[in-house]
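Novice: next comes the sequence, and after it the predicted model I'd like to discuss.
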Amino acid sequence: MTERILVSLDGAVHNPDLPFLYADDLGAVRGEGVFETMLLRGRRVRKVGLHLDRLTDGARLLGLPPVDRAAAARAIEIATGEWVRGSGDAEAMVRLAYSRGRESVPGAGPTGYVSVAPIPERVARTRTSGVSVMTLNRGYTTDFAADAPWQLLGAKTLSFATNMAAVRYASERGFGDVIYLSADGYVLEGARASVIAVTGRTLLTPPAEVGILPGTTQRAIYAEARRSGWAATTGLLTVDDLLAADSVWLISSVTLAARITVIDGTLTVTGDGTDFLDLVNRSVDGDE
Ligand SMILES: *Cc1c(COP(=O)(O)O)cnc(C)c1O
């Protein structure tokens, strides 16, 4: 199934194989914009509210025009309908991009669009087989973000080149993904995922204040964990803490949970991850 869908924020459906952006779009030439990647499963996009919350916060951090949430939700709905019409129950990856718009046309307003595409093959593989990771120093300390709003550390910006470079760097060395560490040696996040360590029925993830993206999937899992009587905690953690946990996971909207099998060449200890995966699946099915 190779169908793809493209819908602009005004609700118009476009041919995804025809030119769409203007060459002077500030999202394209400077990465000035924010985006969300969402999971379409069972004919609906999951956690739309949480994604629009984060998009709205990110747009504010970048000084973009406020997001028209109703228009964005409508565009997602139209794109979902188009996908389901062609592909039925198939899962898909939905991306919402929102940029500052055209550089040379004052008052043209933001550019926004929703695209739908099949789930990448990598996703299916890491869901079932897990992923090996390499730790990489991100270069800032855990107290940096609070005093550096210009670094946009809490926004999922379209300036994603260093994230992808980190993944390539790891891949060239035989690893499937990365975990960023702070300059003071603490676990931050993946290049496109949050990190959760599981020990018994206790979850541990770093707090957003250390300069990471607040993950919508992590948040939904934490809400479900609390409903189910698990302890859902945040705190600073080191690589040794990860290695001591029963299981460690990269968490994100489309992959959901990828079990980390190896960290820098050390096998992670292998508790049974089934209970946690059940929790993840319940959290995806919950309304928000
Ligand atoms: C997208 C992303 C995440 C995961 O966020 P979700 O909302 O769970 O998909 C975490 N960290 C980074 C850097 C990301 O880009």
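Specialist: Yep, it's here. Small disclaimer: the values here were computed from a predicted structure and weren't measured.
Novice: show me the strands in the stretch 1-150 of the chain, by range?
Specialist: Per DSSP state E, counting those that start in this stretch, the stretch 1-150 of the chain carries strands over the ranges 5-8, 13-14, 33-41, 44-45, 92-99, 111-118, 131-137.
Novice: reformat those strands as CSV; add mean neighbour count.
Specialist: (C-beta placed from N, C-alpha, C; glycine too.) Output for the strands of the stretch 1-150 of the chain, formatted as CSV (neighbours: other C-beta atoms under 10 Å):
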stretch, mean neighbour count
strand 5-8, 22
strand 13-14, 14
strand 33-41, 23
strand 44-45, 18
strand 92-99, 23
strand 111-118, 22
strand 131-137, 19
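Novice: out of these, nearest to Gly215?
Specialist: Among the strands of the stretch 1-150 of the chain, strand 33-41 comes nearest to Gly215, with 11.3 Å by C-beta to C-beta.
Novice: on that earlier part again, save the strands of the stretch 1-150 of the chain as a markdown table, and put in mean pLDDT too.
Specialist: Below are the strands of the stretch 1-150 of the chain laid out as a markdown table (pLDDT from 0 to 100):
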| stretch | mean pLDDT |
| --- | --- |
| strand 5-8 | 98 |
| strand 13-14 | 98 |
| strand 33-41 | 98 |
| strand 44-45 | 98 |
| strand 92-99 | 98 |
| strand 111-118 | 98 |
| strand 131-137 | 97 |
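Novice: which one, of the ones you listed, ends up nearest to the ligand?
Specialist: strand 33-41 (5.9 Å; C-beta to the nearest ligand atom).
Novice: poorly predicted segments of the stretch 151-288 of the chain, please.
Specialist: Applying pLDDT under 70 to the stretch 151-288 of the chain flags residues 269, 287-288.
Novice: around the ligand, pick out the residues from it.
Specialist: 156, 189, 192-194, 213, 215-218, 251-253 (C-beta under 6 Å from any ligand atom).
Novice: thinking again about what came up before, redo the strands of the stretch 1-150 of the chain as a markdown table? Include distance to the ligand.
Specialist: Compiled in a markdown table, the strands of the stretch 1-150 of the chain are given as follows (distance: least, C-beta to the nearest ligand atom, whole Å):
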| stretch | distance to the ligand |
| --- | --- |
| strand 5-8 | 20 |
| strand 13-14 | 25 |
| strand 33-41 | 6 |
| strand 44-45 | 12 |
| strand 92-99 | 11 |
| strand 111-118 | 16 |
| strand 131-137 | 13 |
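Novice: as TSV, those strands with distance to Ala245 would be great.
Specialist: Formatted as TSV, the strands of the stretch 1-150 of the chain follow (distance: least, C-beta to C-beta, whole Å):
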stretch	distance to Ala245
strand 5-8	39
strand 13-14	45
strand 33-41	25
strand 44-45	31
strand 92-99	29
strand 111-118	33
strand 131-137	14
